[in-house]
Structure formats: C-alpha cells, structure tokens
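Novice: Next comes the sequence, and after it the predicted model I'd like to discuss.
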Amino acid sequence: MTSLPQEQLAGLPLAQPGAADLTDPAALRRALKVTEAGAPGLDARGQACFLLGRSVFWGALALMRLHLAQGIAPAGALRFAAGTEAHAATLELPAAFVTVAHGARLSAIRDALLAPAQGLIAALAQETRLGEAGAWRNVSDNIASGALWAGRALKREEEAMEEALAMLAEPPLAHRTRPTGFVTVPCPGAAPRAFLRRAGCCRFYTADAGKVCATCVLRAPEEQIAVLQAEVEAETA
C-alpha cells in the first residue's frame, strides 16, 4: 500500500466526504441539470453523454497520472459521486493503491474504471434512455482522452497513447467499426500534435450553441483530419 502524492491530485474534482453515489436518482437528476446548464439546449441523451464522459475522463486522468508518475495502481474501483456547484459529478479514489508490475497496473486501471462506468450507464439508460452501445463508445473515448491529457502533462504522450489502446483492446471497450484511437496532425513550426479519434458522439450538436466536434464519429475520417489541420493552422498563424 502507498500514499497518494498530492501534486498528482491537483485540479481533480474530488468528492466531499459522504457524497451520495452518482447513480442515486436524486443525485443523478441534479447532475444532469448542472450539465444542461453548462450547455443550454443539450438534449437528455446529450446530457447523459456529457456526464458519463466527464466522469470517466476525470477518473482516467487521475489513474493514468498516478500510473505514469508514480508507478502505482488502484487496489479497488473508483466511485463516481454527486457533484458540487462547480462540477456535475465528483470522483472518489480507491482507499488504497499498490505497486505492481506494469501489465497488472493497466488491468487494475481498466477494472477500476469499468465498474463505476457500468453502474452509471445503467442509471443513465433508465433516466435518459441512453443506448448501451453508444455509452460504451463514450467510455472508450474518455479513457483514451484522460490518458492523452495525463501523458501530455508528464511529457510521456506516446507511452500514454499506447497504454490507452492496450486498455481498450477487449470488450466492452473495443469496437469493430470506427474504434477509439489517436490521430497525429502536422503543426507548422512545431512537433506534430496528437488528437483523440472518437468512436462515439457526445451529441453536443443538439445544444443551442452546439456543433459536430472535430473528431466526432459523425464526420468522415478525412473530414476530421481537414478540420483539425485547419484548427492547428489557425492557432499557429
């Protein structure tokens, strides 16, 4: 067992002591309202996608930070908990972390994320009719996104992307068509930039000010590259 370094927990939306589980019906409805307030007009399934995605993203970011920086793995599952005024949902980390072999760390991270994701998917299906197949694509995307952000911050981006793909290699996180992955786009005057290639759709286009995201599965792969290239060129112009 090992204690957690506080620098790797900075910025995470950690749960308050005694916070209700996010699958509690009252907590879930509050979280969906907070989510919709942040993206007015977002439809019910879009709210569910945002809430599920953000919960998984924060969990993956936290666990991948600890894995890459400290070489430790969770000795149990995460818990997605009721939110605060600032966050629709919060994160309760396992009580214990352990030092284990590299492959065992990745398996532990995957298992720690799958357990709360499965419970939240079931609760969201009942509350918003979010489909299971699309929900698991959302989970895969946000595990990969959390890993990418953790790796980038620690200057271990390539390693983080490889390990994210390893965790997504088996069901329910593997998808036969248009699987989650990464794409690299040339960046004028700088190193190429890696982006998430999504397997799913967060439905942001249903919000009042929404649009189809650059790497949304609703876009053809070549269109995704063109949009990302234009965004990168605009940033560096």
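Specialist: Arrived safely. Predicted, not measured: the structure shown is a model, and the values here were computed from it.
Novice: Name the residues of stretch 119-126 that are buried.
Specialist: 119, 120, 121, 123, 124 (16 or more other C-beta atoms under 10 Å). For glycine as for every other residue, the C-beta is placed from the backbone atoms N, C-alpha and C.
Novice: residue contacts, the last one?
Specialist: Translated: residue 124. Residue 124 makes contact with 28, 48, 51, 52, 130, 135, according to C-beta atoms under 8 Å, 6 or more residues apart in numbering.
Novice: Residue 19: how many residues sit nearby?
Specialist: By other C-beta atoms under 10 Å, 20 other residues sit near residue 19.
Novice: my read: it touches residue 91, true?
Specialist: No - the pair residue 19 / residue 91 is not scored as a contact, 9.8 Å apart, by C-beta atoms under 8 Å.
Novice: overlap in contacts of those two?
Specialist: residue 81.
Novice: thinking again about what came up before, among the buried residues of stretch 119-126, which one sits closest to residue 37?
Specialist: Closest approach to residue 37 among those (C-beta to C-beta): residue 124, at 17.6 Å.
Novice: and residue 137, what helix or strand is that in?
Specialist: helix 132-153 (DSSP states H and E).
Novice: which SS class is residue 192?
Specialist: What DSSP: H, G, I helix; E, B strand; the rest coil gives for residue 192 is strand.
Novice: which strands and helices sit next to the helix holding residue 137?
Specialist: Helices and strands touching helix 132-153, by 3 or more C-beta pairs under 8 Å, 6 or more residues apart in numbering; DSSP states H and E, are helix 44-70, helix 102-128, helix 157-167, strand 181-187, strand 190-197.
Novice: Average pLDDT for the fourth one, rounded please.
Specialist: Mean per-residue pLDDT for strand 181-187: 92.
Novice: what does it rub up against?
Specialist: Here strand 181-187 has contacts from 144, 148, 161, 164-165, 192-197, 215, 224-225, 228-229, 232, 236, using C-beta under 8 Å, 6+ apart.
Novice: Okay, now the sheet partners of it, with direction.
Specialist: strand 190-197 (antiparallel) (DSSP bridges).
Novice: which one is residue 41 nearest to, not counting chain neighbours?
Specialist: residue 208 (3.5 Å; C-beta to C-beta, 6 or more residues apart in numbering).
Novice: Ok, residue 95 next?
Specialist: Leaving aside its chain neighbours, residue 95 sits nearest to residue 76 (6.7 Å; criterion: C-beta to C-beta, 6+ apart).
Novice: where does that neighbour fall, phi/psi-wise?
Specialist: With angles defined as degrees, to the nearest 10, residue 76 sits at phi 150, psi 180.
Novice: Any figure for the gap between it and residue 140?
Specialist: According to C-beta to C-beta, to the nearest Å, residue 76 stands 22 Å off from residue 140.
Novice: circling back: out of the contacts of residue 124, which is most surrounded?
Specialist: residue 48 (30 neighbours).
Novice: Let me know whether the residue nearest to residue 41 touches residue 40 as I believe.
Specialist: Yes - between residue 208 and residue 40 there is a contact under C-beta under 8 Å: 5.0 Å.
Novice: number of nearby residues for residue 42?
Specialist: The burial count for residue 42: 25, using other C-beta under 10 Å.
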